[in-house]
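Student: need a structure here:
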Amino acid sequence: MRIILNIIWLVFGGLWLALGYLVAGVICCILIITIPFGIAAFRVGIYALWPFGKTVVEKPTSGVGSLIGNVIWLILCGIWLAIGHVITAFAMAITIIGIPLAIANLKMIPISLMPLGKDIVDVGTARTYQPGPA
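Tutor: Numbering: from 1, shown residues only. As a prediction, the model looks like this:
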């Protein structure tokens, strides 16, 4: 079922959302100081391509740097990507088949607003998640 939902997601909105994250990542990588934001945008963009079967977990090692980075991210890119998720969710919710996709889209808003200090893992490994070296 995850594969079917991921394929439908990719066709009806995932590709456009991933392109939005790609643009945000490229813009952030232009300046050296915002490269960590670009890497986070690419990571979330891959998640936006194929979200079913993945989940977001907090990194216990994140600290004040992630908080400050998330505030900067929110101002530069996060609000625009979140708006994209809301618009896509409304468009997907028009049909009955699109309702699970719309719900998944709304669940992606928190990571689109604040991606630093979070990791994307498989659903099966989320309970036993151990972060890698920082």
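
Student: contacting residues for the residue positioned nearest the centre of the chain?
Tutor: Nearest to the mean C-alpha position of the chain, by Cα atoms, centre = their mean, lies V44 at 3.6 Å. Under the criterion of Cβ atoms under 8 Å, 6 or more residues apart in numbering, the neighbours of V44 are 21, 108, 111-112, 115, 120. Where C-beta positions appear, they are placed from N, C-alpha and C, glycine not excepted.

Student: What separation is there between it and I99?
Tutor: Here V44 is placed at a distance of 23 Å from I99 (Cβ to Cβ, to the nearest Å).

Student: now swap in I30 and tell me
Tutor: I30 is 38 Å from I99, by Cβ to Cβ.

Student: who's more crowded, the two?
Tutor: I99 (13 against 9; other Cβ atoms under 10 Å).

Student: can you map out the strands along this structure?
Tutor: Secondary structure of the chain by DSSP state E: the strands cover 54-58, 118-122.

Student: Show me the one of those that comes nearest I7.
Tutor: strand 54-58 (15.0 Å; Cβ to Cβ).

Student: okay, the angle between the closest one and strand 118-122?
Tutor: Interaxial angle of strand 54-58 relative to strand 118-122 (axes from the mean of the first three to the mean of the last three Cα atoms, to 10 degrees): 140 degrees.

Student: Strand 54-58 pairs with which strands, parallel or anti?
Tutor: Strand 54-58 has the following sheet partners, assigned by DSSP bridges: strand 118-122 (antiparallel).

Student: Show the average pLDDT along the partner strand.
Tutor: Strand 118-122 carries an average pLDDT of 83.
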